[in-house]
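1. Pasting the sequence and the predicted coordinates here, then a few questions.
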Amino acid sequence: MNLQYLDFEQPIVELEEKISELRLVGNSQDVNLSEAIERLERECEAQTKAIFSDLSPWDITRIARHPNRPYTLDYIAEVFDDFQELHGDRTYADDPSIVGGLARIDGLSVMVIGQQKGRDVKEKVKRNFGMPLPEGYRKAKRLMEMAERFGLPVVTLIDTPGAFPGIGAEERGQSEAIARNIAVMSRLKTPIVSTVIGEGGSGGALAIGVCDRLNMFEYSTYSVISPEGCASILWKSAEHAAEAATAMGVTASRLKDLGLIDHIIDEPLGGAHRSKTEMALSLKQRIVADIKALRDIPVDDLIEQRYQRLTAYDRG
Amino acid sequence: MSSWLDRIKPSVIRSESKTRGNIPEGVWKKCPKCGSALYLPELSKNLDVCPKCSHHLRVNARRRAEIFLDPGYEELSENLKPDDLLKFKDTKKYKDRLAAAQKSTDEDDALLTFKGSLQGLDVVIAAFEFNFMGGSMGSVVGGKFVQAVNCCIEEHRALVCFSASGGARMQEALISLMQMAKTSAALEKLKEARLPYVSVMTDPVFGGVSASLAMLGDVNIAEPNALIGFAGPRVIEQTVREKLPEGFQRSEFLLEHGAIDMIVGRASLRSTIYSLLSMLTIKELVSVSHANEDESASSDASASNPE
């Protein structure tokens, strides 16, 4: 069992391992294995399609948290040019679980902000597992207000289990930091395009997610509480997380049906971690299209349209 | 103002010794903090604050309006009723949970809104009903809140919100999360209209309500000893694996850390908020004699400033 992959991905991984073994043999010896390899590749693709066409909301939750899934900085490197990271909330600290800065996308200058998870243990700790502190949200707010002053669109990438529940976070006003960002974003006089690239964890996600266009990756999730949290409250046991994921409708397809998001960005076969470059290209196309659609709207109309969107979250 | 204390104190002490361990239903209530047996009519007269230990008992939304507003107020948005859009089901159906909550509270959902006056000032108040599914915020709570803000803007009124909530309502999933954006956006409009918003946090306020409308007051007030925070104490304890400090997330903690402007006891809420709203909206009092006409205003105000 390859621990870098989820249990339901193992048949795919096994086939892939077989294919690379055959390739190795084919290269070193003078036998023609190309037919066998092609057959296995077809089988692998069919297998992947079959598995990924029948994912439960809980399976999708696990893909959204996949250890190999690309994170914000991975996409920033692929999608944006000349990223200049800006640090600090100017009051207390710099929170590495939120990154942000100036960048260009397709020649357009923007402010990009996203939650950042860590890949290895050391970076996971540094990034606080992608769970922002109040100073992270205040940095984000500072950058958004700067973007407003200079007329730059704001692009946010959402990927967090939630805002950090800790003593220091409470002392420094986690609630206020989130509330303030939501309020400021609701009236920010510049276009905002948000995309959930992995986990959209509750208020901690919304604090950089109030926007004019809300997109979700095909295998990302967005919910008011984690399935485990919901299950432990309503079912009295976190073991019912899969049921909770279904009941809450955490997936992009369900939320699109409910009219709560604008676009689903398709992922490469087998998920974003199978081809970061392909995924990044789709993300780039979506963001550029959204910005171009929004930038010509007079700013007062833009703000009014955003207000109508936000206050229409009545019956979904 | 002190006469009621003298009047009820002995009676409570006397009755406590008689009824210890055997509190008759309906007339007596046990203080959840000090355990004293409290005579309901007296407790009610004391605004549901324990006369012995000053513990602020939770009050329901309708009662909140009654003790805060001048007589003759009007309920808003009575037509907004909840709907189970997601057909949500955990161990029970959301529909059944709604029906049970409606039966036990006799309310449609977890927020009531009223327009009325506070010592003559035009206000709208929003009061959370904590007994209704933990005061959780779903689309009706959000919808009523926005309509309350709209009423303020249309009729030039100040907004006062009394929050008591566990947070967003899980059974409405992402729709409930979006209520945070909806209510906060409405409050920004209120701000642009230069109308004041006083947020009064009462025990308890957490999660999506704390991280949206409750923290966004021009003035943030908390009742004494209320538990207020983003994450619940149990979640924090499990995450950081250490014991939480004494008084953590209590009103006094919030005041010390700069999250709220003041802690105000229930008996002084009317006079304090009147004073704040009056100074924010009436820039200059026309004449002293005019101010003295409003007798209740001046007597209330003096009661809250006993220096």
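-> Arrived safely.
2. and whatever residue of the stretch 101-250 of chain B ends up closest to chain A, what does it touch?
-> Nearest residue of the stretch 101-250 of chain B to chain A: residue B:231, at 3.2 Å (CB to the nearest CB). Placement of C-beta: from N, CA and C, glycine included. Contacts for residue B:231 (CB atoms under 8 Å, 6 or more residues apart in numbering or on different chains) come out as A:163, A:165-166, A:169-170, A:174, B:206-207, B:239.
3. Please tell me how far it sits from residue B:207.
-> Separation of residue B:231 from residue B:207 (CB to CB, to the nearest Å): 8 Å.
4. try residue B:83
-> Residue B:83 is 22 Å from residue B:207, by CB to CB.
5. least trustworthy helix or strand in chain A by mean pLDDT?
-> helix A:10-28 (a mean of 88; mean pLDDT, DSSP states H and E).
6. by how many degrees do the next helix or strand after that one and helix A:10-28 diverge?
-> Proceeding N to C from helix A:10-28, the next assigned helix or strand is helix A:34-52, under DSSP states H and E. For helix A:34-52 against helix A:10-28, the angle by axes from the mean of the first three to the mean of the last three CA atoms, to 10 degrees is 160 degrees.
7. chain center to the following helix or strand past helix A:34-52, what's the gap?
-> Using DSSP H and E, the helix or strand that directly follows helix A:34-52 along the chain is helix A:57-64. A distance of 13 Å separates the centroid of the chain from that of helix A:57-64, by CA atoms, centre = their mean, to the nearest Å.
8. tilt between helix A:57-64 and helix A:34-52?
-> Going by the same axes, to 10 degrees, helix A:57-64 is angled at 120 degrees with respect to helix A:34-52.
9. other SSEs contacting helix A:57-64?
-> With contacts taken as 3 or more CB pairs under 8 Å, 6 or more residues apart in numbering or on different chains; DSSP states H and E, helix A:57-64 sits against strand A:192-201, strand A:221-223, helix A:227-234, helix A:241-248.
10. could you pull out the helices for the stretch 51-200 of chain A?
-> Counting by DSSP state H, counting those that start in this stretch, the stretch 51-200 of chain A has helices at residues A:57-64, A:72-79, A:121-126, A:134-150, A:167-171, A:174-187.
11. Most tightly packed of those?
-> Scoring the helices of the stretch 51-200 of chain A by mean neighbour count under mean count of other CB atoms under 10 Å in any protein chain shown gives helix A:174-187 as the most buried, with a mean of 25.
12. returning to that earlier point: specify which member of the contacts of residue B:231 is nearest to residue A:150.
-> residue A:163 (27.7 Å; CB to CB).
13. what sits against that closest one?
-> Counted by CB under 8 Å, 6+ apart, residue A:163 has contacts A:131-133, A:137, A:169, A:174, A:178, A:201-204, A:207, B:211, B:230-231.
14. Of all pairs in these, which one spans the longest distance?
-> The distance between the two most remote of the contacts of residue A:163 (CB to CB) is 15.3 Å, for A:133 and A:202.
15. Who has more neighbours out of those two?
-> Neighbours per residue, other CB atoms under 10 Å in any protein chain shown: of residue A:133 and residue A:202, the larger number sits with residue A:202, 28 against 24.
16. low-scoring pLDDT stretches of chain B, where are they?
-> For chain B, the stretches flagged by pLDDT under 70 are B:1-25, B:287-307.
17. same thing but at 80, please
-> In the predicted model of chain B, residues B:1-26, B:286-307 satisfy pLDDT under 80.
18. pull the longest helix from it.
-> Longest helix in chain B, counting residues (DSSP state H): helix B:173-192.
19. Can you spell out which helices and strands pack onto the very next helix or strand once past that one?
-> Where DSSP H and E defines the elements, the next helix or strand beyond helix B:173-192 is strand B:197-205. Secondary structure elements in contact with strand B:197-205, counted by 3+ CB pairs under 8 Å, 6+ apart, are strand B:158-165, helix B:173-192, strand B:219-222, helix B:266-281.
20. which of these sits most buried?
-> Ranked by mean neighbour count, those are led by strand B:158-165 with a mean of 27 (mean count of other CB under 10 Å).
21. at contact distance from chain A, anything in that one?
-> No - on the criterion CB under 8 Å from any CB of the partner chain, strand B:158-165 is out of touch with chain A, staying 11.1 Å away.
22. Keeping just the C-alphas, turn that strand into CSV.
-> Extracted C-alpha coordinates of strand B:158-165, given in CSV (Å, rounded to 0.1, in the frame of the first residue of the first chain):
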residue,chain,number,x,y,z
ALA,B,158,-30.5,52.8,15.1
LEU,B,159,-30.0,49.1,15.4
VAL,B,160,-29.4,47.1,18.6
CYS,B,161,-28.8,43.4,18.4
PHE,B,162,-28.8,41.0,21.4
SER,B,163,-26.9,37.9,20.3
ALA,B,164,-27.1,34.5,22.0
SER,B,165,-26.0,31.8,19.7
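23. Considering only chain A, name the residue that lies closest to chain B.
-> residue A:165 (3.2 Å).
24. Up against chain A, what does the stretch 201-307 of chain B have?
-> Going by CB under 8 Å from any CB, the residues of the stretch 201-307 of chain B near chain A are B:207-208, B:210-216, B:228-232, B:235-236, B:239-240, B:242, B:244-245, B:248-249, B:253, B:257-259.
25. Mind giving me the ChimeraX select for the residues you listed, buried ones only?
-> Only the buried entries of these go into this ChimeraX selection, using 16 or more other CB atoms under 10 Å in any protein chain shown:
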select /B:207,208,210,211,212,213,214,215,216,228,229,230,231,232,235,236,248,249,253,259
